[in-house]
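> the sequence isn't on hand, but the structure is:
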Ligand SMILES: Cc1ncc(C[n+]2csc(CCOP(=O)(O)OP(=O)(O)O)c2C)c(N)n1
Ligand SMILES: [Mg+2]
């Protein structure tokens, strides 16, 4: 059971609030990664407020009897922190400490400071899928029928380790795993197809033995059924891959359409414009 | 204590970018590879002027190291560029087998080293890279202190046959060394001759060592300050000579205590000239997010830490 189980209308409100948190968090420290965070907001909100079975308090590292989530593209920590806070893992006010000294909210997700909700450090790209596959295998050993979710960036797929894990997961029939790629076609040096073309990702993962689905990551009406389909596809002998099309910077017009806002914070004026565009019925900014 | 003047603060990574561009113009064998961090490494000017000699490999550092090793066969001099963490730990065995053991002429150029990377936090703040690289046979390890010296070092390593690890960083730091300096690999640079204590510093800690020298002078302590820009091969002669004179040594570096400059100096002194030694370095811990200044303070790498270490080691003579 999801502890919140919100309606689509409520999810939209939460997503707008999370996007406000993201731009405010990166603005406050003039660093961090708004682009991918905004693009993946609807995905995180769908998982934590509708799809995943988990318990926020007390946080249990082993997560037995719960669905687990891993973030491989750790640079989009702002969206994860905001969603974890708003889902009840820790106080929303703690978002104000993001990237500051002595904070539990490290630039990239970490376990060292003990932030509830995080099970492994990430930030150095390409490692999350392996960890998620390992955790999924432990669930099988423990006869725990819950699922493991993992999110990766599309540029991140350049790392060979991702494909080692992909091959292993299919070979070992790790079918209690739903991996998602944030297919925003952007990375740091430009578009993914200019930097190192990924080509036909569906065909690639299918050739590796995965069950592949596609989803629109910035539209709850389409995203929720796609993620439900992914859930239904588990347990059939194949790992499940969701190729999720998103727009980097979604929700803030000037952050959309390029890779420019991958890792740049808005200035005061840009923040004001962004917040105007991210209106909520009742803002509860931290 | 000698005064060192500077007109501006600049980042050492820009010194690398400037050196690489100059090499592009003067040495047609120089090629550059980057793993989706062209702007962060300041390699964009080289890419623009020499697109046919620039190779974008995507987020695939292990592949980059192998490609670089291969490109040396036939005479190219590859300069790889990514953050220090992804230049070392991420690809250690690729460097070990295809580059170091195979004696390949690859220049591994690593930015955003150490705590001064700041807010990105511990995943990116590598503090073990010098240790890993200096353990590798055949590898030369260089950590210059400012923009001018990083530029000069970049140019110098192209002339050196063999693998090199060149480490630099992100923050703007005083640019005080001469623009026309000749960079000699393995040759320590005497900054201030003194008699009471030897301070051996590398990288961003060199300027702090100079500041510490002034503070010590105010207390009547005459410090000898030496810039150890090359950690391997270490300038044994210069260090032993200075230690023999001052009879006590402080090392200062933006690195773990284990495996860094202090470790190398301890080994040298222990074998040749046992001398009281204090090390300013990170003591067996990971970093965290924060501003560079806050982190240097919290992890004991400030000017005051060097002053205190000097006073401690003098008492141990
Ligand atoms: C191993 C590794 N190499 C390089 C980096 C630097 N880096 C951080 S994010 C990024 C681009 C990631 O692209 P993508 O996965 O598409 O994420 P997006 O930019 O879309 O958020 C790079 C190169 C890193 N964090 N880890
Ligand atoms: Mg991307």
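The structure has been received and is ready for your questions. Because the structure is predicted, anything quoted here is derived from the model rather than measured. Ligands and ions are numbered 1, 2, ... in the order given.
> count of residues packed around the closest residue to ligand 1 within the stretch 1-150 of chain B?
Nearest residue of the stretch 1-150 of chain B to ligand 1: residue B:36, at 3.8 Å (Cβ to the nearest ligand atom). C-beta coordinates here come from the backbone N, C-alpha and C atoms, glycine included. Residue B:36 is flanked by 25 other residues according to other Cβ atoms under 10 Å in any protein chain shown.
> give me phi/psi at the closest residue to ligand 2 within the stretch 1-150 of chain A?
For the stretch 1-150 of chain A and ligand 2, the shortest gap (Cβ to the ion) falls at residue A:36, measuring 6.3 Å. Phi and psi for residue A:36, reported as degrees, to the nearest 10, are phi -70, psi -30.
> just list the residues touching the closest residue in space to it that isn't next to it in sequence, thanks.
Sequence neighbours aside, residue A:76 is the residue nearest to residue A:36 in space, at 4.1 Å (criterion: Cβ to Cβ, 6 or more residues apart in numbering or on different chains). With contact set as Cβ atoms under 8 Å, 6 or more residues apart in numbering or on different chains, residue A:76 has these partners: A:33, A:36-37, A:40, A:153, A:182.
> for residue A:162, same thing?
For residue A:162, the contact set (Cβ under 8 Å, 6+ apart) comprises A:126, A:129, A:152, A:156.
> ok, now how distant is the residue of the stretch 1-150 of chain A closest to ligand 2 from ligand 1?
3 Å (Cβ to the nearest ligand atom, to the nearest Å).
> ok, that residue touching residue A:75?
Yes. Counting by Cβ atoms under 8 Å, residue A:36 touches residue A:75, with 6.7 Å between them.
> which of those two has more neighbours?
Taking other Cβ under 10 Å, residue A:36 and residue A:75 do not tie; residue A:36 has more neighbours (31 against 25).
> that one and residue A:246: what is the separation?
For residue A:36, the distance to residue A:246 equals 8 Å [Cβ to Cβ, to the nearest Å].
> overlap of the contact sets of these two?
A:182, A:184.
> contact partners for the residue nearest the centre of chain B?
Nearest residue to the geometric centre of chain B (Cα atoms, centre = their mean): residue B:143, 1.4 Å. Residue B:143 is in contact with B:113, B:130, B:167-168, B:202-203, B:229, B:231, B:253, counting by Cβ under 8 Å, 6+ apart.
> SS state for residue B:157?
Following DSSP: H, G, I helix; E, B strand; the rest coil, the label given to residue B:157 is helix.
> which residues of the stretch 151-300 of chain B lie near chain A?
Contacts of the stretch 151-300 of chain B with chain A, taken as Cβ under 8 Å from any Cβ of the partner chain, map to B:286, B:288-291, B:294-295, B:298.
> repeat that with 6 Å
B:289-290, B:294 (Cβ under 6 Å from any Cβ of the partner chain).
> could you dump those residues to TSV with neighbour count?
Shown next, in TSV, are those (neighbours: other Cβ atoms under 10 Å in any protein chain shown):
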residue	neighbour count
B:289	32
B:290	24
B:294	16
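> let's see which of the residues you listed end up in helices.
Among those, the members falling in helices (DSSP state H) are residue B:294.
> near ligand 1, which residues of chain B? Just list them.
Applying Cβ under 6 Å from any ligand atom, one finds that chain B approaches ligand 1 through B:36-37, B:59, B:61, B:86, B:90.
> between the residues you listed, which is nearest residue A:177?
residue B:59 (22.1 Å; Cβ to Cβ).
> and the residue lying closest to the closest one once chain neighbours are set aside, what does it touch?
The shortest distance from residue B:59 to any non-neighbouring residue, by Cβ to Cβ, 6+ apart, is to residue A:158 (3.8 Å). By Cβ atoms under 6 Å, 6 or more residues apart in numbering or on different chains, residue A:158 lies in contact with A:196, B:58-60.
> and if we set it to 8 Å?
Contacts of residue A:158 by Cβ under 8 Å, 6+ apart are A:126, A:195-196, B:35-36, B:57-60.
> format these as TSV; extra columns: distance to ligand 2.
Shown next, in TSV, are these (distance: Cβ to the ion, whole Å):
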residue	distance to ligand 2
A:126	13
A:195	10
A:196	12
B:35	15
B:36	10
B:57	16
B:58	11
B:59	10
B:60	14
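> so residue B:251 bridges to which residues?
Beta-bridge partners for residue B:251, by DSSP bridges, are residue B:200, residue B:279.
> I'd assumed residue B:262 was in contact with it.
Yes. Using Cβ under 8 Å, residue B:251 is in contact with residue B:262, at 3.9 Å.
> so those two - more neighbours on which side?
Neighbour count, other Cβ under 10 Å: between residue B:251 and residue B:262, residue B:251 has more, with 29 against 24.
> against ligand 2, how distant is that one?
42 Å (Cβ to the ion, to the nearest Å).
> that residue and residue B:133, how far apart?
From residue B:251 to residue B:133 the distance is 17 Å (Cβ to Cβ).
> same question for residue B:107.
From residue B:107 to residue B:133 the distance is 12 Å (Cβ to Cβ).
> who's more crowded, those two?
Using other Cβ under 10 Å as the criterion, residue B:107 and residue B:133 rank with residue B:133 on top: 28 against 25.
> you'd agree the more buried one is up against residue B:88?
Yes. Under the criterion of Cβ under 8 Å, residue B:133 makes contact with residue B:88 at 6.1 Å.
> what touches both of these two?
B:95, B:108, B:165.
> which one among those residues gets closest to residue B:217?
residue B:165 (34.2 Å).
> wait, is the closest one part of a helix?
No. Read with three-state DSSP, residue B:165 is strand and lies in no helix.
> spit out the contact partners of the residue of the stretch 1-150 of chain A closest to ligand 2.
Residues near residue A:36 by Cβ under 8 Å, 6+ apart: A:73, A:75-76, A:79, A:153, A:182, A:184, A:248, A:262.
> and the stretch 101-250 of chain A, which of its residues are near ligand 1?
Contact residues (Cβ under 6 Å from any ligand atom) of the stretch 101-250 of chain A with ligand 1: A:123-126, A:153-156, A:182, A:184, A:186-188, A:248.
> before we move on, back to that, helices - which of the contacts of residue B:143 land there?
residue B:130.
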